[in-house]
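Undergrad: got a structure for you, letters missing:
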């Protein structure tokens with residue numbers, strides 16, 4: 001590869017890193033500003049906005065994005081005066097900051113797409129508004145502009161002030177003077193410096209990062225920069241991590257002392273250990289945690305998961321061979337290998353889990369803007385944002401959640417006057433929560449608005465020709481609510497004068513079910529609505545029950561199975577042309593997989609098996625007992641009639657291609673221990 005090609009590739013890598021970091025920062029900025037709008041005296045929230053804006057400014061400066069740097073600098077002028085209490089964050093100030101965040105988001109998208117210019121006129125106008133606000137209230141120089149010296153060359157009183165701050169904030173570990181030098185011939189001095197700083201932030205806390213970013217943004221930056229770091233890690237380990245970064249020429253860490261001069265570039269790093277048992281105090285919850293982490297492209301995790309999947313398949317094949325050979329030593333070795341493989345599989349699945357706040361952070365701003373647009377008052381509550389979900393599912397579920405939130409605010413929550421007349425608080429509440437339930441993540445969206453009327457929904461469905469009146473009369477209230485997920489359905493008559501809940505609900509249901517999850521809706525008129533999305537933690541490797549249907553083997557996901565059983569054929573009854581059996585205190589419909597997958601009863605591989613022939617009106621004889629697998633999907637249950645239960649097994653889901661891709665009742669395929677292919681049943685499609 002040519003040198004120009006290498007430069008272009010590295011530049012793209014830094015753009016991706018910048019875009020990822022900036023997106024996360026903008027999510028936190030919007031979330032904090034929504035909170036500040038409600039609680040203007042929240043100093044910690046204001047400090048967090050200031051810190052995040054500083055981080056974004058420093059990142060933009062290292063990448064050479066002048067527009068983003070200019071706008072964030074103008075924001076800092078206003079934010080710093082807010083921190084000093086010179087004025088409060090009123091409606092106009094908050095609106096101006098939100099406009100600035102929107103502009104930064106647009107600039108970030110443009111920069112990551114290869115065009116960082118953006119709309120210069122708009123940025124200039126916004127920056128001018130911010131500077132005008134700051135100039136009108138500024139009584140002394142901005143704190144950042146007063147500090148013109150580098151971190152370790154500051155005057156003694158300033159150093160004592162910082163040391164005092166460190167002591168007042170509690171023991172977080174040792175404070176070190178850090179000096180880093182990037183190779184003079186490097187074409188990426190600022191990006192390399194930025195990567196080094198991020199590595200150190202993962203190891204501890206940088207003191208006064210605004211001064212550090214000022215060094216990196218300086219026009220005469222020569223690759224050498226100094227700052228203070230508070231950390232519990234050993235300095236030699238930190239130094240080794242930073243030196244591993246390309247183009248880092250020298251790293252020096254020394255304990256911070258008030259009477260010590262700036263570091264000399266040829267002094268060795270001192271080996272200073274941290275007191276045992278010393279840990280960081282818990283954060284207040286509002287500042288962004290400096291977690292020990294590295295960023296890995298999603299496609300690399302996908303490849304790693306595919307490799308682990310192949311390892312699982314080969315493990316099963318080896319165990320099958322070992323069983324045939326009946327070798328004790330081989331079996332013991334394979335048992336150990338199986339445990340290690342399971343541990344590796346669990347770790348890989350955990351690595352793919354991303355906290356829900358990855359998307360939840362975007363929603364407070366969305367709800368706030370929509371509520372203002374609709375002239376409504378909404379209290380938006382988020383819970384369970386730390387719950388993890390597979391990154392692939394999380395990315396895909398964002399759009400359905402946005403649609404549900406828009407519906408909740410626009411069509412669920414009433415206007416303040418209407419709520420008062422109904423005896424409700426004028427401020428409506430929308431709650432978005434996540435929780436773990438075994439192998440699932442359950443996401444709930446609840447509003448205390450007008451709710452939905454099941455009878456009116458059925459009437460609308462009949463009028464639009466989606467169902468017949470006879471069908472509608474047999475639907476329960478729960479099933480009637482699910483009619484809003486039918487393609488082309490609109491419940492404007494049932495819910496509001498504006499078009500609403502039906503539009504896009506089909507896409508919500510389809511997306512959830514594409515991952516093996518399901519959607520449940522609960523609602524009562526004038527009481528509000530609850531949308532429940534139940535999603536699997538992972539979609540790559542699952543536990544499944546292998547069942548025999550004729551000569552074929554199918555896999556049924558264990559997460560959908562309630563129990564397996566055998567029944568006498570004479571307990572089967574006919575109800576509305578469907579076979580059912582009594583099951584505890586309810587009626588359980590039967591689904592014969594032979595018939596569903598196109599096998600005839602007489603093609604059984606073993607005449608002695610319970611093949612599930614019909615009784616009663618059909619007049620066919622049924623041998624022995626029937627084998628059934630009781631499954632559930634949401635509130636629905638059914639008994640799947642199978643021929644045999646071979647065993648439980650881990651299966652690696654493989655995506656089907658044409659012509660099997662659109663085969664109803666099949667979610668994918670897997671490779672069994674004997675090397676044969678088995679189809680994975682799509683339980684939801686079987687109902």
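TA: Yep, that arrived. Since the structure is predicted, the reported quantities are computational estimates derived from the model, not experimental observations.
Undergrad: what sits against the nearest residue to residue 35 once chain neighbours are set aside?
TA: On the basis of CB to CB, 6 or more residues apart in numbering, the spatially nearest residue to residue 35 that is not a chain neighbour turns out to be residue 45, at 5.2 Å. Placement of C-beta: from N, CA and C, glycine included. In this structure, residue 45 makes contact with 32, 35, 36, 39, 286, judged by CB atoms under 8 Å, 6 or more residues apart in numbering.
Undergrad: and the fourth one, how far from residue 33?
TA: By that I understand residue 39. Residue 39 sits 11 Å away from residue 33, taking CB to CB, to the nearest Å as the criterion.
Undergrad: more neighbours: which of those two?
TA: Neighbours around residue 39 and residue 33, counted as other CB atoms under 10 Å, are more numerous at residue 33. The numbers are 23 against 11.
Undergrad: surely that one touches residue 99?
TA: No. Using CB atoms under 8 Å, residue 33 is not in contact with residue 99, being 11.1 Å away.
Undergrad: thinking again about what came up before, restrict the contacts of residue 45 to the buried ones and give me that as a ChimeraX selection.
TA: Selection command for ChimeraX covering only the buried members of these, criterion 16 or more other CB atoms under 10 Å:
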select :32,35,36
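Undergrad: from the contacts of residue 45, which land in helices?
TA: 32, 35, 36 (DSSP state H).
Undergrad: tell me who's in contact with the last one.
TA: Which is residue 36. When contacts are counted by CB under 8 Å, 6+ apart, residue 36 touches 42, 45, 46, 49, 89, 94.
Undergrad: now render those as a markdown table, adding pLDDT and secondary structure.
TA: Supplementary listing: those in a markdown table, determined by pLDDT from 0 to 100; DSSP: H, G, I helix; E, B strand; the rest coil:
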| residue | pLDDT | secondary structure |
| --- | --- | --- |
| 42 | 80 | coil |
| 45 | 86 | helix |
| 46 | 86 | helix |
| 49 | 89 | helix |
| 89 | 83 | coil |
| 94 | 88 | helix |
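Undergrad: most neighbours of all these, which one?
TA: Of all the contacts of residue 36, residue 49 has the most neighbours under the rule other CB under 10 Å, reaching 25 neighbours.
Undergrad: which residues sit in contact with it?
TA: For residue 49, the residues meeting the contact criterion (CB under 8 Å, 6+ apart) are 29, 32, 33, 36, 79, 97.
Undergrad: related to what we said a few turns ago, I'd like the contacts of residue 45 laid out as CSV, including distance to residue 534.
TA: Putting the contacts of residue 45 into CSV (distance: CB to CB, whole Å) gives the following:
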residue, distance to residue 534
32, 31
35, 30
36, 34
39, 34
286, 31
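Undergrad: ok, the contacts of residue 45 vs residue 423, which is closest?
TA: The shortest gap between residue 423 and any of these belongs to residue 39, at 27.8 Å (CB to CB).
Undergrad: spatially, what comes nearest to that closest one if we skip its sequence neighbours?
TA: residue 45 (7.0 Å).
Undergrad: ditto for residue 597
TA: Among residues not flanking residue 597 along the chain, residue 549 sits closest, at 6.1 Å (CB to CB, 6+ apart).
Undergrad: can you tell me how far that neighbour sits from residue 652?
TA: Using CB to CB, one gets 21 Å for the distance from residue 549 to residue 652.
Undergrad: and these two? Which one has more around it.
TA: Per other CB under 10 Å, whichever of residue 549 and residue 652 has more neighbours is residue 549, with 25 against 22.
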